[in-house]
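In: next come a sequence and a model predicted from it.
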Amino acid sequence: MKQKILALCGGVGGAKLAYGLSQLTTPEEIVFLVNTGDDFIHLDLYISPDLDTVMYTLAGVNDPKKGWGVKEETWNTLGSLKKYGLDTWFQLGDKDLPYPYKKNSIT
């Protein structure tokens, strides 16, 4: 059995590391262990910012200008939440928002 590479990742820098390593290896050769120490509950959703950033970067859908979130993001839902007085300090965009809902439904 061939040994695998274990890469510890967190945040934007960890996402860049994961992307670089993914270009040098095959998916069968590498495992990414992503920081969950910064996870939290927001609007009754379990949010994993580092995991999301690594996932979006590896999928090629991250926003390269900000380094986090989804490219070409819109903020309509966030604006509506703010209008109703809900907490909007954490920037969940319209394209980003479905992921924590799906994650919550399977955990």
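Out: Great, that's in hand.
In: counting neighbours, what do you get for residue 86?
Out: Look at residue 86: counted by other CB atoms under 10 Å, it has 11 neighbours. Where you see a C-beta, it was placed from the backbone N, CA and C, and this is true even at glycine.
In: quick check: it vs residue 75, distance?
Out: Separation of residue 86 from residue 75 (CB to CB, to the nearest Å) stands at 14 Å.
In: could you do residue 83 as well?
Out: In terms of CB to CB, residue 83 sits 12 Å off from residue 75.
In: ok, residue 39 next?
Out: Note on residue 39: its distance to residue 75, by CB to CB, is 22 Å.
In: what's the distance between the closest residue to residue 45 other than its chain neighbours and residue 15?
Out: Nearest residue to residue 45, sequence neighbours excluded (CB to CB, 6 or more residues apart in numbering): residue 100, at 4.1 Å. Distance of residue 100 to residue 15, given as CB to CB: 18 Å.
In: these two: who's more crowded?
Out: Using other CB under 10 Å as the criterion, residue 100 and residue 15 rank with residue 15 on top: 25 against 19.
In: check contacts around the nearest residue to that one once chain neighbours are set aside.
Out: Spatially, and ignoring its direct neighbours in sequence, residue 15 is nearest to residue 57 (3.9 Å; CB to CB, 6+ apart). By CB atoms under 8 Å, 6 or more residues apart in numbering, the contact list for residue 57 reads 15, 16, 18, 19.
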